[in-house]
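Peer 1: My questions concern the predicted model and sequence given below.
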Amino acid sequence: MLKKGSKLNSILTGSCPKCQKESMYSDKNPLHLTNVLKMNDHCSHCGLKYLIEPSFFYGAMYVSYALNVAVGIAAFIISFVFFGASVKDSFIAIVITLIVLFPFVLRLSRNLYINMFISYDPKAGQE
């Protein structure tokens, strides 16, 4: 499922979308909130520059919005339909879920966004 060369591998691991040999992030742990957005400038293996153009990752905000809407809907359905919570309790569940998953959604949206523009190249970084 997560074999090298698949977009899913790069998206879920946060690895370089071109060579998939190293992480794009300087700190791999998204729970270190002060470093959640700190990325390497380029891949040390293939040389891919992650910030393709100035403000490139502003587009990831739209991906983040869509992911947060999906997470919010899922939290509502799980709390309201499956657990029978009230609307007020379901709203609280949505807020708590979005706060807890914030760093993961933030990184996932960046990973998805850059993978829309960069494809895997098995020969990347080979001299």
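Peer 2: That came through, no problem.
Peer 1: CA only for contacts and neighbour counts going forward, please
Peer 2: Noted.
Peer 1: How about the secondary structure of Ser10?
Peer 2: Three states are possible here, and by DSSP: H, G, I helix; E, B strand; the rest coil the one that applies to Ser10 is helix.
Peer 1: Just want the most central residue of the protein.
Peer 2: What sits nearest the mean C-alpha location of the chain, by CA atoms, centre = their mean, is Leu108, with 0.9 Å.
Peer 1: Would you mark the buried spots in the helix or strand Ile96 falls within?
Peer 2: The secondary structure element spanning Ile96 is helix 87-117 (assigned by DSSP states H and E). Applying a neighbour-count criterion of 16 or more other CA atoms under 10 Å, one finds 90-91, 93-94, 97-98, 102-103, 105-115 buried in helix 87-117.
Peer 1: try stretch 30-46
Peer 2: For stretch 30-46, a neighbour-count test (16+ other CA under 10 Å) marks Pro30, Val36, Leu37, His42, Cys43, Cys46 as buried.
Peer 1: got the end-to-end distance for it?
Peer 2: 24 Å (CA to CA, to the nearest Å).
Peer 1: rewinding a little: counting by contacts, list what the helix holding Ile96 packs against.
Peer 2: helix 7-13, helix 60-76 (3 or more CA pairs under 8 Å, 6 or more residues apart in numbering; DSSP states H and E).
Peer 1: could these be laid out in CSV, adding mean neighbour count and distance to Ile52?
Peer 2: Listed next are the helices and strands packed on helix 87-117 as CSV, based on neighbours: other CA atoms under 10 Å; distance: least, CA to CA, whole Å:
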stretch, mean neighbour count, distance to Ile52
helix 7-13, 19, 17
helix 60-76, 17, 13
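Peer 1: Turn the ones you listed into CSV, including mean pLDDT.
Peer 2: Shown next, in CSV, are the helices and strands packed on helix 87-117 (pLDDT from 0 to 100):
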stretch, mean pLDDT
helix 7-13, 89
helix 60-76, 95
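Peer 1: how about those, which one is nearest Asp121?
Peer 2: Within the helices and strands packed on helix 87-117, the stretch nearest Asp121 is helix 7-13; the backing value is 11.2 Å (CA to CA).
Peer 1: And for that closest one, what's in contact with it?
Peer 2: Judged by CA atoms under 8 Å, 6 or more residues apart in numbering, the contacts made with helix 7-13 from elsewhere in the structure are 1-3, 15-17, 20, 23, 108, 111-112, 115, 119-120.
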